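Undergrad: Sequence plus the predicted model coming up.
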Amino acid sequence: MPEVVAGRRNLISQYVGQPGGLLKALHVLQDDAEANFLSPRDVELVATVFGVPTAAVWGTATFYSLYSTVPRGRHIIRVCENAPCHVVGAQDILAALSTQLCIAPSETTPDGRFTLEVTSCLGVCGVAPAIMIGNSVHGNLTKEKLPAILAEYR
Amino acid sequence: MKYYRAHALVCSGTNCALKNCHAVKQDLLEELAKHELLSEVKVVDTGCLGWCELGPSMVIYPEGVMYSRLTGRDMPEIVSEHLLKGRFVPRLMTQGTDTLGLLAPLNMTPFFGKQQRVVLKNCGLINPERLEDYVQTGGYTSLATVLDQYSPEDVIAKVTEAGLRGRGGAGFPTGKKWAYTRQATGEKKYLICNADEGEPGTFKDRLILEGDPHLIIEGMSIAAYAVGAKSGIIYIRGEYDLSIKRMSLAIKQARENGLLGSNVLGSDFSFDIEVCAGAGAYVCGEETALIESIEGRRGEPRIKPPYPAERGLYGLPTCVNNVETLANVPAIIENSPLWFRSLGTTNSAGTKVFTLTGNIVNSGLIEVPMGITLREIIYEIGGGIPHGRKFKMAQTGGTSGGCLAEAHLDIPMDYDSLSRHGSSLGSGALLIMDDSHCILDLTRCFLKFFVHESCGQCTPCREGTPALYQLINALIEGRGDKSTIELIHRLARTMQDSSLCALGQTAPIPVVSALRYFWPEIEGHMQGSCAVDKCFASKGEVRR
């Protein structure tokens, strides 16, 4: 166990004192975690390494939508439901994903493969309706295209 | 230097990338190899061409033929016909030919014809991952001119004279902001480029960063020289993967070539830039929230004054400028403030990049002189409303902007005209909606966004956004009456007057403008009828 903590400490110590360093550290720890989230131990670690109160790190970790403090699936599906996607049928996409994965927004599939999240604008409105899975964007979506896209992330 | 007889420019912006432009490029390369043309035809990855609706797209020069909606299967035909035999492939072409088979130039097409590209001049024409490409188009000459011939005060005077105003949303005069930061006392100053583009419907900064990252480095360097900053930070949305990669690569190239770091281009000026990735919060586009975020805290806006020019990042004088604002700076230095003023209108000089979304034929990225009418944008550049439907409304400036009706199609798109009509130029987002939509359903959608994105710090916004949502919802469900409308107006005024930052102050704008310009439709809901039969699900009517 101490080796694991030391390994994770090494991941983030280089960001101390950098502008935006704390956000970067949280990104790195979350990406490194198997269940795609920041555990209480991670938050504690960032607080120690950066020399700030644990409560402040909790504040930051829970403020931003790209961080999660509860375990999530391997692939995070983010569905935009803002106006530019809304007017071209985003609700249908969200409903279809929910049906196909048998989960409601912010839930994770029992096999730990996908977490479905509703998000604000992804900035690819030129190809709305759009979703992001992990770091990849998928646009010009129709219900029919979804099964093939999901199959890429087995 | 090697010469090629033809160049194939494949758009590799995010919008085309997710339509599989990389596979198209790969197939093109394979097909060229098959015909042993790789030494004659150069394939280049470029930034966004703007016509995202038609992606993946490619332009072949010297003819300037644009091919659209490409798949890998089209490559054998393009290579054997166009690149081998010199015959166009009409079925894939964007522009037409006349009876003699002569090509209509790309800039004569309705989409490009009305555009004037200053900020986007290199997007789609150069390889954004090569510094050499940027330098070949005259890149970094403005920075060299500034360092060689101008004092910081000269630069500020030029930008002030040009009348450049902030392109992120607020429209504050850039020259003034720079002068305040220059005059502030502090042992260290910061220059921040705000690329936390979160306004729904906006993706201009993303495509500028992806298409021409060195332009932003040059703009930031000139700004830093003017305000006296040695450290620069570009804060990019965490979701903008490709922007972060391209910007980081460009910074590395600039450092290796003496364009960033100590003694830039051999001068006394030293400046470097760090990339900072956001973590998903709309409010961080507000400059003081962005500063809090860089410091590692919750992105909650600070009370102003003091403004960042006086006390910003780590309590030091800081200048925060939007991507598009900085992208205009090299052109102002190169072409003179007078030239810049000749574009656009008296109080809104220059061009504006707009993103067209919603129910419009040509969705995508355009750049036009300020003062162009909404009608020209929608019907000439945008190609009108698809599926034979009618225009209903346009929301300018993103979700925090106002809703405009058909009667407003001829108002000029500039800061002052839009604000006179209760809307704003904002970030340049243009959401077009056809007559299949219900005004209240859309308004509820706008509010849902603000409920989600309110940071929760100040009461008017934290409590006001969900309350507004509930009031609109009551109207949608047929529970609204005159007192609901009165309450909406009172709440809107309270939020506009007393919210801490622009998020809470602007959240009521779409609601108020909807009530103002679509009143008959809203009144209809109070009498139990929805013009497009979307509402009143509980009454057994079909809700789509």
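TA: On my side now, so go ahead. Numbering: from 1, shown residues only, chains lettered A, B, ... in the order given.
Undergrad: CA only for contacts and neighbour counts going forward, please
TA: Noted.
Undergrad: got the residues of the stretch 201-350 of chain B near chain A?
TA: When proximity is defined as Cα under 8 Å from any Cα of the partner chain, the stretch 201-350 of chain B approaches chain A at B:201-203, B:206, B:233, B:238-239, B:241, B:276-281, B:293-299.
Undergrad: Mind checking which of the residues you listed are in strands?
TA: Judged by DSSP state E, these include B:I233, B:C276, B:A277 as members of strands.
Undergrad: how about a markdown table for those, with pLDDT added?
TA: A markdown table is the format used below for those (pLDDT from 0 to 100):
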| residue | pLDDT |
| --- | --- |
| B:I233 | 98 |
| B:C276 | 96 |
| B:A277 | 96 |
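Undergrad: List the buried residues in stretch A:48-66.
TA: A:V49, A:F50, A:T54, A:V57, A:W58, A:G59, A:T60, A:A61, A:F63, A:Y64, A:S65, A:L66 (16 or more other Cα atoms under 10 Å in any protein chain shown).
Undergrad: which of the residues you listed are close to chain B?
TA: Among the buried residues of stretch A:48-66, the residues within reach of chain B (Cα under 8 Å from any Cα) are A:V57, A:G59, A:T60, A:F63, A:Y64, A:S65, A:L66.
Undergrad: tell me the mean pLDDT over stretch B:470-482?
TA: In this model, stretch B:470-482 has an average pLDDT of 94.
Undergrad: Pull the residues that contact it.
TA: For stretch B:470-482, the surrounding residues in contact (Cα atoms under 8 Å, 6 or more residues apart in numbering or on different chains) are B:440-441, B:443-444, B:484, B:488, B:522, B:525-528, B:535-538.
Undergrad: B:V59 bridge partners, please.
TA: B:L9, B:M66 (DSSP bridges).
Undergrad: Just list the residues touching it, thanks.
TA: B:V59 sits next to B:A8, B:L9, B:V10, B:V65, B:M66, B:Y67 when contact means Cα under 8 Å, 6+ apart.
Undergrad: Which residue is the nearest non-sequential neighbour of whichever residue of the stretch 51-200 of chain B sits closest to chain A?
TA: Proximity of the stretch 51-200 of chain B to chain A (Cα to the nearest Cα) peaks at B:P200, 5.0 Å away. In space, and not counting its chain neighbours, B:P200 is closest to A:C121: 5.0 Å by Cα to Cα, 6 or more residues apart in numbering or on different chains.
Undergrad: That neighbour: what secondary structure?
TA: Secondary structure state of A:C121, per DSSP: H, G, I helix; E, B strand; the rest coil, is coil.
Undergrad: and it, how many neighbours?
TA: Other residues lying near A:C121 total 28 when counted by other Cα atoms under 10 Å in any protein chain shown.
Undergrad: Quick check, pLDDT for it.
TA: 93.
Undergrad: again with B:T145
TA: Listed pLDDT for B:T145 reads 98.
Undergrad: mind giving me the domain split of chain A?
TA: Chain A breaks down by automatic domain parsing into domains covering A:2-63, A:75-151.
Undergrad: right, so the ones you listed: which one is the most enclosed?
TA: Mean neighbours per residue, mean count of other Cα atoms under 10 Å in any protein chain shown, is largest over these for domain A:75-151, with a mean of 20.
Undergrad: one step back: I'd assumed B:G401 was in contact with the residue of the stretch 51-200 of chain B closest to chain A.
TA: No: using Cα atoms under 8 Å, B:P200 is not in contact with B:G401, being 10.4 Å away.
Undergrad: Name the nearest residue to whatever residue of chain A ends up closest to chain B, ignoring sequence neighbours.
TA: Across chain A, the shortest distance to chain B (Cα to the nearest Cα) belongs to A:G20, at 4.2 Å. With sequence-adjacent residues excluded and distances taken as Cα to Cα, 6+ apart, A:G20 is closest to B:I294, at 4.2 Å.
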